[in-house]
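In: Okay, predicted coordinates and the sequence, questions at the end:
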Amino acid sequence: MKLKKPKFWDYKKPNILAFALLPLAILINFLKLIKFSSSEKKFRIKTICIGNFYVGGTGKTSLSLKINEILLKQKIKSCFIKKFYKDQVDEQKILELNGKLFVSRKRVDAILEAEKANFDIAILDDGLQDKKIKFDKTFVCFNNVSWIGNGLTLPAGPLRENIKNLRNYENVFLNGNLENIENLKSQIQNINPKINIHVGLYIPTNMNEFELNAEYLVFSGIGNHITFINMLKKNGFKILKDLEYPDHYEYSNEDLNKIINKANDLNCKIITTQKDFLRINKPELKKIQFVKSKLKILDEKKLLNSIL
């Protein structure tokens, strides 16, 4: 059973529990330094890694799709690389719907397969902390709402790396909404004045499939539920109830029956994300609609220059 992330991770400042876990976080970071002391492998194919510091819900897959779209417009043969995780089949399906995907339990093996297939660029959805690979380009993704949570590394906080490590990277991608953008940019530039900062917004692309005068129950098991809810509200959806599940959640028949019964009690329709919809392979699908969304980059030319 997947668990929700601890609420104290997203507090603006660390609480007592976070400080209690801080020694363990320091130990884990030290062990990582020892483990990843081996040399990185460079490939013939150009590698672009789309990763994050904050665990989950930072827009890695959306940015991977957007970069692939931009490269295809430039007549560049690009593909996706994804490490196989049993609970991330939803993301694999979305990538496969939008391009060629190479999946392996080891990213190095997937990249080698892409090389053999004569692709020009490999876009890695996740893998920023994989020190076996020397990436040509890197992007660190953040959600504007969750940002860095309480600022501590796992398990005391939600970060895979200390935020000061931004000095080692070339590009940052901020997504979610435009609130607090200038403040976040200032914090990032204080750490790394030379880093490129890219900003994106999510836009629903299948609005014609919904009745905006209807009322909805919304559920999702994604990394940042609140960003999805905010997008729906911004685009006129009337939400009576929203239910949040852990990231990559596998819905049981009992879960789906509860969702459907709740919607019946409220006399409203049901919507979810495309990722969640792809994880539901049951008859209940006919009672559930999903929202397709597309990432809009505010300065696409700047992004292209950072890629090439």
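Out: Structure received.

In: in this protein, which segments are predicted with low confidence?
Out: 1-3, 35-38, 283-284 (pLDDT under 70).

In: got the domain boundaries for it?
Out: Following automatic domain parsing, one finds the domains of the chain at 46-200+296-307, 206-291.

In: looking at the ones you listed, which is buried most?
Out: domain 46-200+296-307 (a mean of 18; mean count of other C-beta atoms under 10 Å). C-beta here means a position set from N, CA and C on the backbone, and glycine is covered the same way.

In: Just the terminal-to-terminal distance for that one.
Out: 10 Å (C-alpha to C-alpha, to the nearest Å).

In: How about stretch 39-48?
Out: 18 Å.

In: ok, now which ones touch residue 195?
Out: 166, 169, 170, 171, 172, 188, 189 (C-beta atoms under 8 Å, 6 or more residues apart in numbering).

In: List the ones among those that fall in strands.
Out: 171, 172 (DSSP state E).

In: closest to residue 128 among the contacts of residue 195?
Out: residue 169 (8.2 Å; C-beta to C-beta).

In: Can you tell me how far that closest one is from residue 60?
Out: 14 Å (C-beta to C-beta, to the nearest Å).

In: Same check on residue 135?
Out: Applying C-beta to C-beta, the value for residue 135 to residue 60 is 14 Å.

In: Only C-alpha atoms, please: export stretch 115-132 in PDB.
Out: Listed in PDB are the C-alpha atoms of stretch 115-132, where the atom choice follows Å, rounded to 0.1, in the frame of the first residue of the first chain:
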ATOM      1  CA  GLU A 115      22.100   4.700 -29.400                       C
ATOM      2  CA  LYS A 116      21.700   1.400 -31.400                       C
ATOM      3  CA  ALA A 117      18.400   2.700 -32.800                       C
ATOM      4  CA  ASN A 118      20.300   5.800 -34.100                       C
ATOM      5  CA  PHE A 119      18.400   8.500 -32.100                       C
ATOM      6  CA  ASP A 120      20.000  11.900 -31.900                       C
ATOM      7  CA  ILE A 121      18.800  12.900 -28.400                       C
ATOM      8  CA  ALA A 122      17.600  10.800 -25.400                       C
ATOM      9  CA  ILE A 123      15.200  12.600 -23.000                       C
ATOM     10  CA  LEU A 124      15.400  11.000 -19.500                       C
ATOM     11  CA  ASP A 125      12.200  11.300 -17.500                       C
ATOM     12  CA  ASP A 126      13.800  11.300 -14.000                       C
ATOM     13  CA  GLY A 127      17.300  10.200 -13.100                       C
ATOM     14  CA  LEU A 128      19.000  13.400 -12.000                       C
ATOM     15  CA  GLN A 129      20.500  11.600  -9.000                       C
ATOM     16  CA  ASP A 130      21.800   8.700 -11.100                       C
ATOM     17  CA  LYS A 131      25.500   9.300 -10.900                       C
ATOM     18  CA  LYS A 132      26.400   6.500 -13.300                       C
END
